[in-house]
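A.B. asks: what follows is a predicted structure for the sequence shown.
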Amino acid sequence: MTVLYLAVAFLAAGALGAVQPVTRIPAEVVQLTQFGPALGVGIVALLWPGRVRELFAGGRSVRVRGALLLVTAPLITIVAAAGYAAVTGEVRLMRPAAPFVLVAVAQLIGACGEEIGWRCLLQPLLRPRFGRLGASMVVGVVWGVWHVQVFAQHPLYAASFLLAAVSMSVVLGWALDGAGGSRLLLAGGFHALINLGMLLAMDEESGAVLPMVLFGSSCLVAAVWWVRAAGPGRGSAAQSSTPAPTRLPSIMRDVR
């Protein structure tokens with residue numbers, strides 16, 4: 001299942017990326033490559049419907065962690081943008097060419113097209129084998145490599161992007177561990193907020209190295225905070241497919 005999903009996600013993304021110029025859909029609105037993982041989920045769901053239903057099955061409520069996850073996304077951008085301003089003396093605030101509401105909605109749809117594969121299928125699929133941290137890091141590396149175009153950039157740019165991908169995957173792994181039906185919307189919301197924040201406040205899409213280094217560093221800080229705040233997790237290769245309960249700080253436990 002894993003190999004087939006990844007093969008479809010990579011190949012479909014490449015095909016959709018090649019088609020995008022023909023559609024004339026601006027990349028700042030949505031990148032069609034984002035729907036490669038969704039197509040991968042569709043294919044494996046046809047072959048293993050019971051297993052996919054099990055992975056997507058409802059879990060416990062993660063309202064507090066979900067809210068903190070959605071707050072984390074703009075904080076990552078703010079820290080990266082503040083670092084950029086401190087280093088360069090410039091404050092970058094850009095406006096998309098397309099209407100902002102259209103961009104925001106399209107970014108959410110595109111982000112969900114990715115996250116239905118990475119966070120709703122692959123991460124919970126690998127979690128029993130590798131544990132929460134291991135699964136988060138493996139998916140983060142694969143997710144980063146899936147953005148193959150970054151490897152045409154400066155090596156420091158590519159390394160920082162991979163750091164960001166792994167760090168965001170850890171944040172999502174901790175925030176959504178054991179989550180049920182809300183997992184897709186929360187993961188997609190986090191992803192979309194990251195994309196929108198970087199679109200408006202940073203210029204890493206140009207290939208500039210400094211913004212990507214600052215973004216990767218900001219994501220790493222967020223990941224470290226989540227791991228330290230919520231605990232190391234108890235997942236291991238010997239565990240069953242049922243996610244281990246997440247240990248939260250007492251204040252988070254009380255209001256959950």
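C.D. replies: On my side now, so go ahead.
A.B. asks: any idea which helix is longest in the protein?
C.D. replies: helix 63-88 (DSSP state H).
A.B. asks: tell me what that helix is packed against?
C.D. replies: Here helix 63-88 touches helix 155-176, helix 183-201, helix 209-230, helix 250-255, going by 3 or more C-beta pairs under 8 Å, 6 or more residues apart in numbering; DSSP states H and E. All C-beta atoms are positioned from the backbone trio N, CA, C, and that covers glycine.
A.B. asks: so which of the ones you listed is the most surrounded?
C.D. replies: Highest mean neighbour count among these (mean count of other C-beta atoms under 10 Å): helix 155-176, with a mean of 23.
A.B. asks: I'd like to know which elements it is packed against.
C.D. replies: Counting by 3+ C-beta pairs under 8 Å, 6+ apart, helix 155-176 packs on helix 63-88, helix 123-146, helix 183-201, helix 209-230.
A.B. asks: for the second one, buried residues please.
C.D. replies: Right, the one you point to is helix 123-146. For helix 123-146, the neighbour count (16 or more other C-beta atoms under 10 Å) marks 123-140, 142-144, 146 as buried.
A.B. asks: ok, residue 207 - contacts?
C.D. replies: By C-beta atoms under 8 Å, 6 or more residues apart in numbering, the contact list for residue 207 reads 153-154, 157.
A.B. asks: distance to residue 86 and mean pLDDT added to the helices and strands packed on helix 63-88, as JSON lines?
C.D. replies: As requested, these are exported to JSON lines (distance: least, C-beta to C-beta, whole Å; pLDDT from 0 to 100):
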{"stretch": "helix 155-176", "distance to residue 86": "17", "mean pLDDT": "96"}
{"stretch": "helix 183-201", "distance to residue 86": "14", "mean pLDDT": "93"}
{"stretch": "helix 209-230", "distance to residue 86": "9", "mean pLDDT": "94"}
{"stretch": "helix 250-255", "distance to residue 86": "31", "mean pLDDT": "36"}
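A.B. asks: for residue 47, find the nearest of these.
C.D. replies: Among those, helix 183-201 comes nearest to residue 47, with 20.7 Å by C-beta to C-beta.
A.B. asks: and that closest one, C-alpha only, in PDB?
C.D. replies: Taking C-alpha atoms only, helix 183-201 is exported to PDB below (Å, rounded to 0.1, in the frame of the first residue of the first chain):
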ATOM      1  CA  ARG A 183      -7.600  15.600  11.000                       C
ATOM      2  CA  LEU A 184      -7.900  16.600   7.300                       C
ATOM      3  CA  LEU A 185      -9.400  20.000   7.900                       C
ATOM      4  CA  LEU A 186      -6.900  20.800  10.700                       C
ATOM      5  CA  ALA A 187      -3.900  19.600   8.700                       C
ATOM      6  CA  GLY A 188      -5.100  21.400   5.600                       C
ATOM      7  CA  GLY A 189      -5.800  24.600   7.600                       C
ATOM      8  CA  PHE A 190      -2.300  24.600   9.000                       C
ATOM      9  CA  HIS A 191      -0.800  23.900   5.600                       C
ATOM     10  CA  ALA A 192      -2.900  26.700   3.900                       C
ATOM     11  CA  LEU A 193      -2.000  29.200   6.600                       C
ATOM     12  CA  ILE A 194       1.700  28.500   6.200                       C
ATOM     13  CA  ASN A 195       1.400  28.900   2.400                       C
ATOM     14  CA  LEU A 196      -0.600  32.100   2.700                       C
ATOM     15  CA  GLY A 197       1.700  33.600   5.300                       C
ATOM     16  CA  MET A 198       4.800  32.900   3.200                       C
ATOM     17  CA  LEU A 199       3.100  34.200   0.100                       C
ATOM     18  CA  LEU A 200       2.200  37.500   1.800                       C
ATOM     19  CA  ALA A 201       5.300  38.100   4.000                       C
END
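A.B. asks: that one packs against which elements?
C.D. replies: For helix 183-201, the packing partners by 3+ C-beta pairs under 8 Å, 6+ apart come out as helix 63-88, helix 100-117, helix 155-176.
A.B. asks: let me have these in CSV, extended by distance to residue 41.
C.D. replies: What follows is those, written out as CSV (distance: least, C-beta to C-beta, whole Å):
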stretch, distance to residue 41
helix 63-88, 21
helix 100-117, 5
helix 155-176, 16
